[in-house]
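Trainee: Here is a sequence with its predicted model. Questions after.
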Amino acid sequence: MTVDHASQAGYTAGTDVPVIATTALTKRFGASITALDELTMAVGPGITGLVGANGAGKSTLIKILLGLLPPTRGKAAVLGLDTIAQGEQIRGVTGYMPEHDCLPPDVTATEFVTHMARMSGISPTAAKERAAESLRHVGLYEERYRQIGTYSTGMKQRVKLAQALAGDPRLLLLDEPTNGLDPAGRTAMLDLISRIGNEFGISVVVSSHLLGEIEQICDQLIVIDAGRLLRSATMSAFTQASQVLAVEVDEGGDLLAAELAASGVSTFRAERELLVLIAGDATYDAVRDAVAVLGLPLIRLEQRRHRVEELFRADSALAVAEQAGTAAGLTGAVDGH
Amino acid sequence: MATDSAAGSSGVSAGALAPGTGVIHDIGYQTYDGPRFGRRTIALALCTQSLRSAFGFGRGAKAKIIPVLAFVIMCAPAVVNAVIMALGRSHTRVISYDAYVGSLRVLVLVVFIASQAPELVSRDLRSRVLPLYFARPIRRIDYPLAKYAAFALALLAVIDIPVLLLYFGTIMQVHGGAAIWAQTRGVVPGLLVGLMWAVVLAPIGLALASVSGRRAFSTGSVAIFMFMTWTLTLVLTRIAASTSPHGSGAHLSSTAQVSAAAHLFGLISPFTVLDGVRQWLGGTSHGIVADPGGYGVAYGVMLLAFLVVSLGALMRRYASVSVS
């Protein structure tokens, strides 16, 4: 409680314990369903993206982290607190925003968030203040005196975030916060999360199945698939290892791939694009020549940041080749800045 | 990197979230340094909030109609008693403390429970707000326990405040310390009977109401169970009484063999069980249906069974609610 919460520097310096740490965390439902499989990972302060397809085990992981579900095997700790033995303490310093709708329609946002702040153990008067504060932080002003039932989806999402924020948490667990929002709403929500993580000094774990949007705001990414850890790394590691050239041709992508392979350049198909690993300036020449030789209608040639989407195909040729091809592997990569 | 995006996003978010109102937001985030209460205080806060909502406080005017009406109707006999005593020559109470007006009490309580128990449990199920409660520093069991305490207190208010009114209305008309003392000694068992009713009926109502997040189903399950068991008890007891060789209508003889059935049919409805236990424990006023006869113990056991089963069902209901 004495940690200077507003400055992230003070916060990180004061704590050596990871925000979240799991060891061989396994959760089985019955004999056949394995939701989490030997998941070992550590999450540092800042904003962490928890990425995985629907059913990958994100929600199960969040439930275990909140101490609401005992793991079948393995251990998990949040802010140094054991999820099995110290669940209540964890929930006292953690704000949770569920994926689904969870707001009563016939009360005002102010009343609801005040009540939820009290449920976090805040005193009655402070709960009122914090509710007003939280709603202001998420951008609800005069609307907060209206019944929640009259709100748009975007406003409801903000109320959900405000109730998680009202208890002054050290950690926020946000389950798919951008679900159901239009593009403008997504941007606003992501900006808000970014602000909470960077300015408010609250560690945030934000889960999403939409990879592209989450990479913009995260300091760290955890990718899980079928309950297993695919990758865990800081964002700077991802961007470092992103020497990828995207080539888009109207037709003849396979021909181009074959031509490039013949000249010793490795390529991988990604939907309509052909991804080319950049080995040096020669790679650009090879691509240019190949397109010219085949006379293909070139639409786009773009060097770009590594897209998080590619993480999903960790066992794909791209990932394998990339890890072999780049000196800086993802694991243990240091911040480049 | 962190500082870059922080500086960038603060401007963007203020603009994107609240166009034209970006002035106030510079106050920044305030941490909370005050006391953080544990599960006991949180559960108490939840209990208080639920008790208020049982009477529609903090909600619209519409939510207050049924609970307030039920309360007023329950108080009516006490008022009538006070008036009769004030106008009449004889200063005797016309309503008993321990049974009050039995059938009115049953009727009002069925309506009150059927309409207000869903208010406490069904709304939260429907709006799926429970994961937010369970993600807070309480245990699963705290939620149903807080709801139980709140609803039992609400029922206690509806049952015992009229009894207290009856008491005050009476002692205003009697004279002498001895008379007041006699009334006081009479009202205490009456209040305790009310407590027993509240404690047993609250979990039955909540367990039945928590079957569904749909209010109609929730209310329906309470109303159907309570009316069905009540009617069944009434009808079966009447039949048993009228077919008894010595049967004389509502006045049940305890000697005949058939009337054993008449005594036992009272075990079906929670209301007659409650009233039977009252008589078994020494309540002298005429009961709502039948006296338990020699089966007082059976009524006691049945009362415990109602309490344990309904409380167990309520706890189990919330142990199985999914969090996400």
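Mentor: It's in. Numbering: from 1, shown residues only, chains lettered A, B, ... in the order given.
Trainee: Show me the strands in the stretch 201-337 of chain A, by range?
Mentor: For the stretch 201-337 of chain A, strands defined by DSSP state E, counting those that start in this stretch occupy the ranges A:203-208, A:220-225, A:228-234, A:244-249, A:267-270, A:273-277, A:298-304.
Trainee: check whether the second one contacts chain B.
Mentor: Same thing as strand A:220-225. No. If you take C-beta under 8 Å from any C-beta of the partner chain as the test, strand A:220-225 misses chain B, and the best it gets is 11.5 Å. Every residue, glycine included, has its C-beta placed from N, CA and C.
Trainee: pLDDT score assigned to residue 254?
Mentor: You didn't pick a chain, so chain A it is. With respect to pLDDT, A:Asp254 has a value of 83.
Trainee: look at chain B instead
Mentor: B:Ser254 is assigned 44 on the pLDDT scale.
Trainee: what helices or strands is the helix of greatest length in chain B leaning on?
Mentor: Identified as the longest helix of chain B according to DSSP state H is helix B:177-209. Applying 3 or more C-beta pairs under 8 Å, 6 or more residues apart in numbering or on different chains; DSSP states H and E, one finds that helix B:177-209 makes contact with helix B:102-126, helix B:142-171, helix B:215-243, helix B:270-280, helix B:296-319.
Trainee: can those helices go into TSV with extra columns for distance to chain A, mean pLDDT and mean neighbour count?
Mentor: Below are those laid out as TSV (distance: least, C-beta to the nearest C-beta, whole Å; pLDDT from 0 to 100; neighbours: other C-beta atoms under 10 Å in any protein chain shown):
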stretch	distance to chain A	mean pLDDT	mean neighbour count
helix B:102-126	6	94	22
helix B:142-171	10	96	22
helix B:215-243	12	91	18
helix B:270-280	30	94	25
helix B:296-319	11	96	17
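Trainee: burial of B:Ala76, as a residue count?
Mentor: By other C-beta atoms under 10 Å in any protein chain shown, 14 other residues sit near B:Ala76.
Trainee: count of neighbours near the closest residue to B:Ala63 other than its chain neighbours?
Mentor: Nearest residue to B:Ala63 in three dimensions, chain neighbours excluded: B:Gly56, at 3.5 Å (C-beta to C-beta, 6 or more residues apart in numbering or on different chains). Counted with other C-beta under 10 Å, the neighbours of B:Gly56 add up to 19.
Trainee: Repeat that for the one 10 residues further on.
Mentor: B:Ile66 has 17 neighbouring residues, counting by other C-beta under 10 Å.
Trainee: now swap in the one 5 residues further on and tell me
Mentor: Using other C-beta under 10 Å, B:Phe71 is surrounded by 18 other residues.
Trainee: separation between it and B:Ile161?
Mentor: Note on B:Phe71: its distance to B:Ile161, by C-beta to C-beta, to the nearest Å, is 7 Å.
Trainee: tell me the most buried of the strands of the stretch 201-337 of chain A?
Mentor: Burial of those is given as mean neighbour count (mean count of other C-beta atoms under 10 Å in any protein chain shown); strand A:203-208 ranks first at a mean of 26.
Trainee: Thought B:Ala114 was touching B:Arg222, still the case?
Mentor: Careful, residue B:222 is Val and not Arg. Yes. With contact defined as C-beta atoms under 8 Å, B:Val222 reaches B:Ala114; the gap is 4.2 Å.
Trainee: overlap in contacts of these two?
Mentor: Residues within reach of B:Val222 and of B:Ala114 at once, by C-beta atoms under 8 Å, 6 or more residues apart in numbering or on different chains, are B:Gly205.
Trainee: Helices of chain A, residue ranges please.
Mentor: Using DSSP H, the helices of chain A run over A:8-14, A:58-65, A:87-92, A:109-119, A:124-137, A:153-165, A:183-198, A:211-214, A:235-240, A:253-262, A:281-294, A:317-325.
Trainee: for the record, mean pLDDT for the fourth one?
Mentor: Averaged across helix A:109-119, the pLDDT comes to 96.
Trainee: is chain B contacted by that helix?
Mentor: Yes. Helix A:109-119 lies within reach of chain B by C-beta under 8 Å from any C-beta, at A:111, A:115-116, A:118-119.
Trainee: Low-confidence ranges, the stretch 1-150 of chain A, go.
Mentor: Where the stretch 1-150 of chain A drops to pLDDT under 70, the residues are A:1-15.
Trainee: Residue of it nearest chain B, please.
Mentor: A:Gly139 (3.2 Å; C-beta to the nearest C-beta).
Trainee: residues near that residue, how many?
Mentor: By other C-beta under 10 Å, the residues close to A:Gly139 number 25.
Trainee: With A:Lys58 instead?
Mentor: There are 26 residues near A:Lys58, going by other C-beta under 10 Å.
Trainee: next one: A:Gly264
Mentor: The local packing of A:Gly264 (other C-beta under 10 Å) involves 10 other residues.
Trainee: Same question for A:Arg136.
Mentor: For A:Arg136, the number of neighbouring residues by other C-beta under 10 Å comes to 17.
Trainee: again, but for A:Ser59
Mentor: For A:Ser59, the tally of surrounding residues (other C-beta under 10 Å) stands at 23.
Trainee: Go ahead and confirm B:Val163 touches B:Leu192.
Mentor: No. Contact criterion C-beta under 8 Å: B:Val163 and B:Leu192 do not qualify, at 10.1 Å.
Trainee: so what's A:Ile222 up against?
Mentor: By C-beta under 8 Å, 6+ apart, the residues touching A:Ile222 are A:41, A:43, A:48-51, A:229, A:231-232.
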